[in-house]
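In: What would the 3D arrangement of this be:
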Amino acid sequence: MNRNFWITALVAFINSLSLTVLIPIIYLYGKQFGLSDFQTSLLFSIYSIAQFFATPIIGKLSDRFGRKPLLIISLTGTVIANAIAGHATTAGWLFFARFLDGITGGNASVAQAIISDVTAPENRAKAFGIYGAAFGLGFVLGPVTSLLAQQFSLGAAFLVSAAIAFLALLITIFCLPETLRTKAAQAHNLFDLGLGNLIRGLAMPKIGVLLIINFFIGTTFTIFTYAFQPYFIKVLGQNSQSLTLMFILFGVLGTIMQTWGVSLLSRKFNVVSILFLALFIRSLSFIIMPIWQNIIYFVIVSILYSLFNSLVQPMINTLISLNAKSQDQGTAMGLNASYLSISNGIGPVIAGMLINQSYPQTYSYPLYLAGSLTFLVLFLAILTRKNYMPSITGE
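Out: Numbering: from 1, shown residues only. You can find the predicted model right below:
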């Protein structure tokens, strides 16, 4: 791995730190503004839906104008948006800030395109594993930082997030060179950059089916990530501090698995097999998680879930990267991030609609649904594996 890769991994770590400072407190922050569970789910959704429309444009523009300028624009948006959210006095300002962060939030897809630029195909799985570990490390330190910020206020966490994103912006400006060697042809119109590109992305050889699979993976995942928070607090009787500790646990286990687990498993299994295993364990974990309403049981199942869940996105990213042409890496990663974003917008709304605050048992329904749907996603991935497997395995 060369210098540019490690700088990108550092930016990814700092960016994930900025993101994960917020994850434990968005639900609770929305409650401070008097929002219902369903309305709070929209705070997650508006960010993701904005990303859905913006990320493929950012990815394609990075293929045309270079990775660095688009990464700078994206990080700048995060800084401004979180500063606004931290000073919000009404729910309207909070929703606006989440929208602004989403509409400029293509930094992850651009960083993934940079990794594709600077690593050889045979090293992609390892590279995306390390990238995932860097992102996962942010999931460890982000909630820790959030715990400290919460001692002042929930809004302070947004201001801390803005400051952290500003650090990533400075590193990008002064330390990261441009990595794009062959620029794509200029797009003729905005439709080519926007919805038209999203639709045509489904027809990209070997990429389209992966986009569909990852869309459903993201939907089931975000049904869980939203629903487990009110379940953890209201059904298991925990508080914001213990919720934050759960996110720290997820981050620690994810980092361990993505650092050593990916490397170890890649020696014995191909990328597709690892993906199938991870999806199976994830779906099983979702289903058994709410069976017994006991905090120790919940933590044990969460450990199993976290270890294997952390393998899913590195494997999907590797498959997309290996199947995309070199001049289309930014476009492919942008499309992937965009479809993942819209799934992230749908999942919390589904979970919020299933929950009825007057009936505590409904807090379990989204977890059962997430598990059942993930089994269906695994079945879809198995049925379509020949569409993306040959170029990876040489079959």
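In: Determine the number of other residues adjacent to the closest residue to residue 329 other than its chain neighbours.
Out: Nearest residue to residue 329, sequence neighbours excluded (Cβ to Cβ, 6 or more residues apart in numbering): residue 116, at 4.0 Å. Backbone N, C-alpha and C define where each C-beta goes, glycine included. Using other Cβ atoms under 10 Å, residue 116 has 26 neighbouring residues.
In: What of residue 329?
Out: 25.
In: for it, what are its contacts?
Out: Counting by Cβ atoms under 8 Å, 6 or more residues apart in numbering, residue 329 touches 63, 112, 113, 116, 117, 321.
In: Then residue 173?
Out: If you count contacts by Cβ under 8 Å, 6+ apart, then residue 173 has residue 72 around it.
In: Sticking with it, tell me its helix or strand.
Out: helix 154-175 (DSSP states H and E).
In: Buried ones in that helix, by neighbour count?
Out: Under the neighbour-count criterion of 16 or more other Cβ atoms under 10 Å, helix 154-175 has 154-162, 164-169, 171-172 buried.
In: For the nearest residue to residue 141 once chain neighbours are set aside, what are phi and psi?
Out: Closest residue to residue 141 apart from its sequence neighbours, by Cβ to Cβ, 6+ apart: residue 17 at 5.7 Å. Main-chain torsions, residue 17, degrees, to the nearest 10: phi -60, psi -40.
In: any idea of the pLDDT on residue 17?
Out: Looking at residue 17, its pLDDT is 87.
In: Show me where the protein dips below the pLDDT cut-off.
Out: Regions of the chain meeting the criterion pLDDT under 70 cover residues 1, 106, 182-198, 327, 357-358, 389-395.
In: Would you agree residue 208 is in contact with residue 214?
Out: No: the pair residue 208 / residue 214 is not scored as a contact, 10.9 Å apart, by Cβ atoms under 8 Å.
In: Pick out whichever of the two has more residues nearby.
Out: residue 214 (25 against 16).
In: close enough to count as contact, the more buried one and residue 335?
Out: No: assessed by Cβ under 8 Å, residue 214 is found out of contact with residue 335, at 9.7 Å.
In: on that earlier part again, please look at the residue nearest to residue 141 and residue 145 and confirm they touch.
Out: Yes: Residue 17 lies in contact with residue 145 (Cβ under 8 Å); the separation is 6.9 Å.
In: what is in contact with these two at once?
Out: By Cβ under 8 Å, 6+ apart, the residues touching both residue 17 and residue 145 are residue 164.
In: and the residue nearest to residue 329, what element?
Out: Counting by DSSP H and E, residue 116 is part of helix 107-118.
In: Between helix 154-175 and that helix, find me the angle.
Out: Between helix 107-118 and helix 154-175, the angle comes out at 30 degrees (axes from the mean of the first three to the mean of the last three Cα atoms, to 10 degrees).
In: Identify the residues contacting helix 107-118?
Out: By Cβ under 8 Å, 6+ apart, helix 107-118 touches 2, 4-5, 8, 11-12, 15, 55, 58-59, 62-63, 67, 70-71, 74-75, 78, 124, 127-128, 131, 168, 176, 179-181, 317, 321, 324, 326, 329-330, 333-334, 336-338.
In: before we move on, the earlier item: who has more neighbours, residue 17 and residue 145?
Out: Legend: neighbour count by other Cβ under 10 Å for residue 17 and residue 145, higher for residue 17 (27 against 20).
In: Enumerate every residue touching that one.
Out: 138, 141, 142, 145, 164.
In: As JSON lines, those with distance to residue 42 and secondary structure would be great.
Out: What follows is those, written out as JSON lines (distance: Cβ to Cβ, whole Å; DSSP: H, G, I helix; E, B strand; the rest coil):
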{"residue": "138", "distance to residue 42": "25", "secondary structure": "helix"}
{"residue": "141", "distance to residue 42": "28", "secondary structure": "helix"}
{"residue": "142", "distance to residue 42": "23", "secondary structure": "helix"}
{"residue": "145", "distance to residue 42": "26", "secondary structure": "helix"}
{"residue": "164", "distance to residue 42": "25", "secondary structure": "helix"}
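In: Dump these into a markdown table; add distance to residue 30 as well.
Out: Shown next, in a markdown table, are the contacts of residue 17 (distance: Cβ to Cβ, whole Å):
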| residue | distance to residue 30 |
| --- | --- |
| 138 | 22 |
| 141 | 24 |
| 142 | 18 |
| 145 | 20 |
| 164 | 21 |
